[in-house]
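*Asks:* generate coordinates for the sequence data below:
(one chain, ligands or ions: 1)
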Amino acid sequence: MLPDKDEPSGVGGGQAGPVRSEDPAVTLFRQYLRLRTVHPEPDYDAALQFLDRIALELGLPIKKVEVCPGRVIAIITWTGANPALKSILLNSHTDVVPVYQEHWKYDAFAAIKDEDGNIYGRGTQDMKCVTIQYIEAIRRLKSQGKTLSRTVHMMFVPDEEVGGQKGMEKFVEHPEFKKLNIGFALDEGLANPGESFTVFYGEKNPWWITVTCPGNPGHGSRFVENTAAEKLRRVINTFLDFRETEKKRLNTSECFTLGDVTTVNMTMVKGGLTYNMVPAEMDVSFDLRIPPTVNLQEFEERIKQWCKEAGDGVSYKFAQKHMNQSVTSTADSDPWWNAFSMTCKAMNMKLKTEIFPAATDSRFIRAVGLPAIGFSPMNHTPILLHDHNEFLNEDVFLRGIQVYEQLVASLASVPRLVGEA
Ligand SMILES: [Zn+2]
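*Replies:* Next comes the predicted model:
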């Protein structure tokens, strides 16, 4: 690791007290947190320079693929003893979401560490921690002189936080992606406030839908029959009744998480021109997030029926309709899952498997038929991604490196599978 001249030593923020010498991995993490890869104008050049330095330190090649102007995917590769076997992908995104600095205790890009070892900064959880943990795990495995049988790729992608359209979504279709010969991928997960570690094996499908209600127009002084507003009310009631049902299902079943139920939110209403005119049309929009366990064809039939029951002429259209329901196997018989879960078990880690409640780049990886697990090794940590005062404790961070050290070693040692070269 290169020395960093302006690095404050030990405890950040200048507090007095016993100074515990900082682990170089923590120092590197804090350096990475200070790079302003924040939307709307992320400094991706800074991230790429940082990654160049890492590749140099590790003595590994780095490849860069510009998938869109200014949007570069970087890949650092550690070639295995048997490079014909499928590789292991360690994916992370370099960008972070913006901050409301006035709500933060410290500068969100200063990576201040308090006296308890909590490191504050945008990206401490989502997901600069994981990036550095991958790097440090590889560094340690290499320095032990290990050679793993499968090739390991660390991939660093832009624009995850704005939907991945100019990042991972593009790259999975790129010939360079296919060349990586990936067999199994790890990507980001979420913190868990308890003892367990949450592991995500699938994601929900977002459906953005607008329901249009036509009706008889007329003067605002009369009882106009069959109005757009009456139909609109029925539509809203049906969707929101369904919302209540799903909410109840979530709250009454102990084993349900947000990933297991369909969320519904009414997000826009449009219609009408003036006070004294009954409008000929009104519409309402909903954001639905549907778990992979729901039959999407049947669900759309249901929506069709709701519209029909709301009155004549009521129709719907999609602004977004995702249909990919691929999930990654968590069966003991699956060799990747077996390697992952057994390694965690050997470290006495309790795993909780869930469907991710929102969306990550894993969905693009799964969509091209590859197994992907969303996992950020952060237990005893409140979920603060995209929130004010996002932080991660340095001990949790350091433990995560050990976790990846074991995980990468065992995943890259999964024996040749049926159908592999
Ligand atoms: Zn993320």
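*Asks:* for the ion, what are the nearby residues on the chain?
*Replies:* 126, 127, 188 (CB under 5 Å from the ion). C-beta: built from backbone N, CA, C; applies to glycine.
*Asks:* mind redoing it with 8 Å?
*Replies:* 93, 126, 127, 160, 161, 188, 360, 385 (CB under 8 Å from the ion).
*Asks:* count the residues that sit near the residue lying closest to the first one once chain neighbours are set aside.
*Replies:* Closest residue in space to residue 93, ignoring its immediate chain neighbours: residue 160 at 3.4 Å, by CB to CB, 6 or more residues apart in numbering. By other CB atoms under 10 Å, the residues close to residue 160 number 26.
*Asks:* show the pLDDT at residue 160.
*Replies:* If you check residue 160, the pLDDT there is 95.
*Asks:* longest helix of this protein?
*Replies:* Assignment by DSSP state H gives helix 228-252 as the longest helix of the chain.
*Asks:* what packs against that helix?
*Replies:* On a contact count with 3 or more CB pairs under 8 Å, 6 or more residues apart in numbering; DSSP states H and E, helix 228-252 meets strand 205-214, strand 263-271, strand 281-290, helix 296-310.
*Asks:* residue contacts, residue 372?
*Replies:* Residues near residue 372 by CB atoms under 8 Å, 6 or more residues apart in numbering: 91, 184, 185, 186, 187, 328, 362, 365, 366.
*Asks:* residue closest to the middle of this structure?
*Replies:* Computing the C-alpha centroid of the chain and ranking residues by CA atoms, centre = their mean puts residue 360 first, at 3.2 Å.
*Asks:* hang on, that residue packs against residue 202?
*Replies:* No: counting by CB atoms under 8 Å, residue 202 is not a contact partner of residue 360; they are 10.9 Å apart.
*Asks:* follow-up on the earlier one: show residues contacting the longest helix of the chain.
*Replies:* 211, 213-215, 256-258, 260-266, 269, 271, 278-284, 286, 306-307, 309-311, 313-314.
*Asks:* buried residues in that helix?
*Replies:* 228, 230-236, 238-239, 242-243, 246, 250 (16 or more other CB atoms under 10 Å).
*Asks:* among those, which one lies nearest to the ion?
*Replies:* residue 250 (23.3 Å; CB to the ion).
*Asks:* could you list every residue that touches the residue of the chain at minimum distance from the ion?
*Replies:* Distance from the ion to each residue of the chain (CB to the ion) is smallest for residue 126, at 4.1 Å. Residues in contact with residue 126, defined by CB under 8 Å, 6+ apart, are 96, 97, 188, 385, 386, 390.
*Asks:* touching, the last one and residue 384? I think so.
*Replies:* Yes: under the criterion of CB under 8 Å, residue 390 is in contact with residue 384, at a separation of 4.4 Å.
*Asks:* any shared contact partners between those two?
*Replies:* With CB under 8 Å, 6+ apart as the test, residue 390 and residue 384 both reach 124, 125.
*Asks:* more neighbours, these two?
*Replies:* Neighbours per residue (other CB under 10 Å) separate residue 390 from residue 384, with residue 390 holding more: 25 against 18.
*Asks:* redo the helices and strands packed on helix 228-252 as a markdown table? Include mean pLDDT.
*Replies:* Listed next are those as a markdown table, based on pLDDT from 0 to 100:
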| stretch | mean pLDDT |
| --- | --- |
| strand 205-214 | 96 |
| strand 263-271 | 96 |
| strand 281-290 | 97 |
| helix 296-310 | 98 |
